[in-house]
Structure formats: C-alpha cells, structure tokens
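Chemist: let me see the structure of the following:
(one chain, ligands or ions: 1)
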Amino acid sequence: MSVVLGINCYHPGASAALLIDGVPVAAIAEERLNRKKYYAAFPALAIQRCLDMAGLDFKDIDAVALGRDKSANRAQKLKYVASKPSKLLNFVKIRAARSDMDDLKTTMANECGVAMSSLRFTQHNVEHHIAHTASAYFISPWEHAAGLTVDGSGDFGTSIMAECQGDEIKILHRNYVPHSLGSLYTMICEFIGYGRYGDEGKVMGLAPLGTDAYHDVFEDMIRPKGDGMLLDPSYFVPFGSNQGMSIDDKGMMVVHRHFSDRVVELFGPPRDRNGAITSRDENLAHSLQVRFEAIYMHLLRQLHKKVSTDRVVMAGGCALNSVANGKLFAETPFNQTVIQPAAGDDGLALGASLYVSNCILKEGNRWVMRHSYLGPSYSSTVMRHALEERGVEFRELDRGELLEQTVNELEKGNVVGWYQGGSEWGPRALGNRSILAHPGLPNMKETLNARIKHREPFRPFAPAVLADRQNEIFAHDHPSPFMLHVYEIRPEWRDRLCAVNHVDNTGRLQSVCRDENELYYDLIEAFGVRTGIPVLLNTSFNENEPIVERPEQAIDCFLRTRMDVLVLGNFFCRKAAS
Ligand SMILES: [Fe+2]
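Modeler: Numbers count the residues shown, from 1 in each chain. Got it, this is the predicted structure:
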C-alpha cells in the first residue's frame, strides 16, 4: 500500500488530501475544522482528519507532497529583485518565513504533536502552478489535454500553460509576478470596498449591474502580450513577490493596499466597505469582468494554438470565475472543460499529491473525480446524539418519507438545511452541506438574505438542476458538476426560476447526476414532479462562517437562524411556527 499526503500550508486555504495507491480517500480544508475562513497556517487538524478517515496513522505516510517549491523560478525571482533593490529585504523575509516548509518532518511533529521518530515519509515539493495543473488534469478522464492555471501568484508564477499527456505535465509557457490577472481582480475589488481575501466572487455578481464605462482604462491596465499578459505597474502599489498579501500571527490572510494613487486620481476615493455602492463601483466591476474575460480568452486561445485538443483542464483562483468559464465555449476553440472544484489554493493539497503519485512515483492509478464529497461523514448515532444534546425535536424517517416531507416544505416556500454524507471539497456546497429552497418564488432571495445569509442583495443564488434536464432550461449543455459555469437561462424559464435568475438572465448552475448523489438527485426530481421545476435553489450551509462541517455546527446554524427545517441524515427537524 502506498500512502501519499498532500498539503497546502503557510498559504491561504491550508488543506490536506490523502491518497492510497493513487486514489484520493480524504480531502478537507483546515477552515472547515478550525472555523477560520481561508486559514493560512498549518493544516494540523485536516491532516489528522484525513488519516482518521482512512484509518491510518502518521507512521503510515510514505510521501508528503507540498504544493510549493521555493526553488522554482529562481532566475525570475533574482531578476525581479535585481531590478527593484528595495524589494530585497521583503524577499528575504518571505523566504525566512517559509523555512517551516523546508523540513516538514519537524514542522509536522511540532504542529501535530507526534514523535519525529514516527515520521518516515519522503518530502516532495511541487511548484505551485504545477500542483494546480495536476489538480485538474489528474481528476479528468482524459489521457491528453491542454492545461491552464491562472491566479494571483504562487512560487512567483501567475499562470502556466501546459500540455498534459499520460502521466506527464509539460510546461509550455509561464507568466511571472507582477503580471497577474488575479492581482488585477484583487486590486479593483479592494478599491470598491471588497478588500478581504476571497471577496472576488462577490464582485463577479456585481458586474452585470454596471456598464463597460471604463473599457479604455482597463485596456491600459492589462494587455495581452505574446502567450501571456502585461500589467501596467503604474496602477498598483509595487507589492513585491508576495503580491500584496501576508499572513498574521493567527494564520489569517491580510490583503495590503494594491491600488496606486493613480487609480484614486482616475476614479476618486475608494469605497469604504460599509459605504453605499454607486454606479461607479458597478461600472468598475463590469469593466473589470470584461477585461478579465478578454485576457482569459486570450490565454486560452494561445494555449489552443500550442496543444491540438479541444479539451482543457483548469485550476487556480481565476478558474473560479464561472462567468468566464461559461463563455469560453463560444469564445475559444475548446469545447470540453474539467475544472478542479477546489480551484483556489486549497486545491494544491490534492494537486500536489496527485502529481507525486502520477508523475514521480508513477503509480499509474488514474482516478476520475465524479463528485467532490471527499470530506468526513458522520454516523446516525453521532447525529442523533447531537440533536438530543441540543434538545432539538426530530423524527427519523425512511427514505421515501424523508423526500416527501422535504418536498412538502420546499413547495410551501420553507427554507431547508440539507446535511448528508461527506462534506464537499472546494468552496461550493453541492448538495451535502447545502441550504435548499424553492427557486421560483419571487421573494425567496430576500427571505434567505433576511433570515440566514445576510448577503449583499446583488449576489445571486445558484440553481441545482437535474443534469438530464439542463439543456431544456439553460442555453448550454456542457455539464457544470461543481457549479463552475454560468449559462444563460432560456427565456421561458426565467420567471419560473426568478429566485436564481440573475439580473442578466443567467445562473451559476450545478448539474446533478444521479450516479454522483442519488438522494440529492431524487429530491430535485421529486420537487420537479410536484412543481414542474426540476431545479432547487442551492446555497452553502452557513451564516457568514466557513461551511458547516460537523452535525453540531449544522444544528447550531439551524437554531441560530430563521431556517424552517433541518434534514440531518434521516432526521427531520422542523421549527414550531412562532
Ligand atoms: Fe494559486
């Protein structure tokens, strides 16, 4: 038996993934366990949980794959520092802070509280963007694909193009700091008041409310150049090799000011986080998205010229831009995508481990990701105990009754917390840690926001659709199993899906196949039989916190908010009408 542990540490989205004989058996981000969003220190709890899920111990680990390699792109780093001597001190500090990654045996022994003598693994450092590429390619069913990664930065790279074939990833082109599509997105998000790490997704929802009023300025900010892109540094604070990010002593990400005075001169003062959103902010979000898509499509078209295939695998934080992903079929020659559900840096743990298994150890055991439920699941005994401990009244129902009662509640317009099986890998709730609701009720979005989610009113909720009915409702049939594509909703369905129809008549759908999640599929199907709508509104099970992981957290969220119903495994809990 071969055991490979992948980790992402001292970087946002600390996480762990465990492979046995090349097959992932567990993967989870540290934030789900320690409840600190985008936690960026060491994933001690996640490692322990992965081992527990597999029934293994630290001594059983043969190899540890780290999704970082500080020796990568050394020549480019030195060139950058040489051109900016003022950055030298910063550069040295960053390297010193990363020394814990040099000797993972010592770090793991200290952080996980295990004896050094029990650790016998070999350490493999995998360059950040190669780990991203592996995270997408080695979950695909393909033996040949083009690979594109795009993010803020990692190991001094900001994007790579690759040809993936068999068990090899051949790098065709790299982009380096500071020329970063992700950093451009972060800079504008910060300027319009969304300066916390991970806020980019919110701004994507704001974009359709504006117009492309700043087209020319954005054309100046970032340009296609050859196979890559060129950022105009005058719009940015010179942020150095850490791309304007650091980690505080609690392991939380700190985003430093990215925008230069030139941006303020052009657009006026930045919006305060709590200030009103003006048409300027909406237009900035819109022009940003337009420019993002132009560069994204440029990279994809250039990649296609290098690799003769219509299949592309993608990862990196920018691959979470589901609006751009939905358009790439029309705007590039690619017609099939596989995008890693944990496309952000949490996915590096899985990517690094898959790289080591396939490319270094040559285990030759390719694995196709059909679903993302790689996190822990909990027994009925644990769930029952958690309910009893909190004094929550419940009924234990058989499968048929559970589906019928849940559909009854959804049809009435009630909000259902739906907690089943293993938790999802990646940032999206995909039917195991979800809040579900009727997608066709005019006030449902406001109800969810007022009672549970407290999100900005411009942010859309997502539709989960039966995969075999997708093309009838959405204007594209390429599957979106991990909620990473936005498609137009067909005109005849827009009113019927008013709670998930965004202002530009689109939806960020999840295509649900029965093979991947039987109970969830059957629930949506039963709702469709009852209402004529084979779609449910699906949003993550949380209230301004990481997605719930344990049953206790789901119950607490149910009790704390004005959620109507909690379905926890086979336990059905309904709040008494007040
Ligand atoms: Fe990354």
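
Chemist: what lies in contact with stretch 99-116?
Modeler: 7, 9-10, 42, 44, 47-48, 58, 64, 66, 68, 70, 119, 121, 123, 125 (CB atoms under 8 Å, 6 or more residues apart in numbering). Just so you know, the C-beta spots here come from the backbone N, C-alpha and C atoms, and that holds for glycine as well.

Chemist: same thing but 7 Å
Modeler: Cys9, Tyr10, Phe42, Ala44, Ile47, Gln48, Phe58, Val64, Leu66, Arg68, Leu119, Gln123 (CB atoms under 7 Å, 6 or more residues apart in numbering).

Chemist: can you check stretch 550-570 too?
Modeler: Counting by CB under 7 Å, 6+ apart, 378, 380, 382-383, 386-387, 390, 392, 396-397, 402, 406, 409, 414-420, 451-452, 541-543, 548, 573-575 sit against stretch 550-570.

Chemist: returning to that earlier point: from the contacts of stretch 99-116, which single one is nearest the ion?
Modeler: Nearest to the ion among those is Arg68, at 10.0 Å by CB to the ion.

Chemist: and the closest one, what helix or strand is that in?
Modeler: Taking DSSP states H and E as the definition, Arg68 sits outside all helices and strands.

Chemist: which ones are touching it?
Modeler: His11, Met101, Asn125, His128, Asp155.

Chemist: report the closest residue of the stretch 101-250 of the chain relative to the ion.
Modeler: For the stretch 101-250 of the chain, CB to the ion, closest residue to the ion: Asp151, 3.6 Å.

Chemist: ok, so what distance separates that residue from Trp418?
Modeler: 31 Å (CB to CB, to the nearest Å).

Chemist: over to His478?
Modeler: From His478 over to Trp418 (counting by CB to CB), the distance is 26 Å.

Chemist: the two: who's more crowded?
Modeler: In this view His478 and Trp418 are compared by other CB atoms under 10 Å, and Trp418 has more residues nearby, 24 against 17.

Chemist: helix, strand or coil for the more buried one?
Modeler: strand (DSSP: H, G, I helix; E, B strand; the rest coil).

Chemist: which stretches of the stretch 201-350 of the chain form strands?
Modeler: 222-225, 228-231, 245-247, 253-255, 311-315, 336-339 (DSSP state E, counting those that start in this stretch).

Chemist: what's the most buried one of the ones you listed?
Modeler: Highest mean neighbour count of the strands of the stretch 201-350 of the chain: strand 311-315, a mean of 28 (counted as mean count of other CB atoms under 10 Å).

Chemist: number of residues surrounding Asp227?
Modeler: For Asp227, using other CB under 10 Å, the count is 18.

Chemist: repeat that for Asp515.
Modeler: Neighbours of Asp515 using other CB under 10 Å come to 9.

Chemist: list the contacts for it?
Modeler: Arg370.

Chemist: next, it: phi, psi?
Modeler: phi -60, psi -30 (degrees, to the nearest 10).

Chemist: tell me how far it lies from the ion.
Modeler: 30 Å (CB to the ion, to the nearest Å).

Chemist: coming back round to it: which ones among the contacts of stretch 99-116 map onto helices?
Modeler: Ala44, Ile47, Gln48 (DSSP state H).

Chemist: nearest to Ile139 among those residues?
Modeler: The shortest approach to Ile139 among those belongs to Ile47, at 20.9 Å (CB to CB).

Chemist: within range of the ion, give me the residues from this protein.
Modeler: Asp151, Gly154, Asp345 (CB under 5 Å from the ion).

Chemist: picking that back up, and the contacts of stretch 550-570, which of them are buried?
Modeler: Neighbour counting with 16 or more other CB atoms under 10 Å marks 378, 383, 386-387, 392, 397, 402, 406, 409, 414-420, 452, 541-543, 548, 573-574 as buried within these.

Chemist: what is the helix or strand containing Arg530 packed up against?
Modeler: Taking DSSP H and E as the criterion, Arg530 maps to helix 518-531. Counting contacts by 3 or more CB pairs under 7 Å, 6 or more residues apart in numbering; DSSP states H and E, helix 518-531 packs against helix 399-411, strand 462-466, strand 506-512, strand 535-540.

Chemist: save the strands of the stretch 201-350 of the chain as TSV, and put in mean pLDDT and distance to Ala213 too.
Modeler: Putting the strands of the stretch 201-350 of the chain into TSV (pLDDT from 0 to 100; distance: least, CB to CB, whole Å) gives the following:
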stretch	mean pLDDT	distance to Ala213
strand 222-225	96	17
strand 228-231	96	21
strand 245-247	80	29
strand 253-255	79	25
strand 311-315	98	29
strand 336-339	98	30
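
Chemist: can you redo these as TSV with distance to Leu354?
Modeler: Listed next are the strands of the stretch 201-350 of the chain as TSV, based on distance: least, CB to CB, whole Å:
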stretch	distance to Leu354
strand 222-225	31
strand 228-231	26
strand 245-247	26
strand 253-255	25
strand 311-315	11
strand 336-339	13
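
Chemist: so where's the chain shaky on pLDDT?
Modeler: Along the chain, segments meeting pLDDT under 70 span 84-98, 239-243, 577-578.

Chemist: tell me the angle of the longest helix that it contains relative to strand 311-315?
Modeler: Assignment by DSSP H gives helix 279-306 as the longest helix of the chain. Computed by axes from the mean of the first three to the mean of the last three CA atoms, to 10 degrees, the angle separating helix 279-306 from strand 311-315 equals 130 degrees.

Chemist: buried residues in helix 279-306?
Modeler: For helix 279-306, by 16+ other CB under 10 Å, it's 281-304.

Chemist: could you give the number of residues near the residue in the stretch 251-400 of the chain that the ion sits nearest to?
Modeler: Of all residues in the stretch 251-400 of the chain, Asp345 sits closest to the ion, at 4.5 Å by CB to the ion. With neighbours defined by other CB under 10 Å, the count for Asp345 comes to 28.

Chemist: the one 5 residues further on too?
Modeler: For Leu350, the count of nearby residues is 34 (other CB under 10 Å).

Chemist: distance of the closest residue to Met444 other than its chain neighbours relative to the ion?
Modeler: Once flanking residues are discounted, Met444 sits nearest to Ala499: 3.8 Å by CB to CB, 6 or more residues apart in numbering. Distance, Ala499 to the ion, by CB to the ion: 33 Å.

Chemist: tell me who's in contact with Ala499.
Modeler: Remark: with contacts taken as CB under 7 Å, 6+ apart, Ala499 is in contact with Pro439, Gly440, Leu441, Met444, Lys445, Phe461, Leu537.

Chemist: so how far is Ile524 from the first one?
Modeler: Separation of Pro439 from Ile524 (CB to CB) stands at 10 Å.

Chemist: one more: the fourth one?
Modeler: Using CB to CB, Met444 is found at 16 Å from Ile524.

Chemist: between the two, which is the more surrounded one?
Modeler: Set side by side, Met444 and Ile524 show more neighbours around Ile524, with 29 against 19, by other CB under 10 Å.

Chemist: list the contacts of that one.
Modeler: Counting by CB under 7 Å, 6+ apart, Ile524 has contacts Ala464, Leu466, Val512, Pro534, Val535, Leu536.

Chemist: those residues into a markdown table, with extra columns for neighbour count?
Modeler: Shown next, in a markdown table, are these (neighbours: other CB atoms under 10 Å):
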| residue | neighbour count |
| --- | --- |
| Ala464 | 29 |
| Leu466 | 21 |
| Val512 | 29 |
| Pro534 | 23 |
| Val535 | 30 |
| Leu536 | 29 |
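
Chemist: out of these, who's nearest the ion?
Modeler: Ala464 (27.2 Å).

Chemist: hmm, that closest one is touching Cys513, no?
Modeler: No. Under the criterion of CB atoms under 7 Å, Ala464 is not in contact with Cys513, lying 11.3 Å apart.

Chemist: mind listing the helices for the stretch 351-500 of the chain?
Modeler: Per DSSP state H, counting those that start in this stretch, the stretch 351-500 of the chain carries helices over the ranges 380-389, 399-411, 444-448, 470-473.

Chemist: pretty sure Val368 contacts Pro141?
Modeler: Yes. Between Val368 and Pro141 there is a contact under CB under 7 Å: 4.7 Å.
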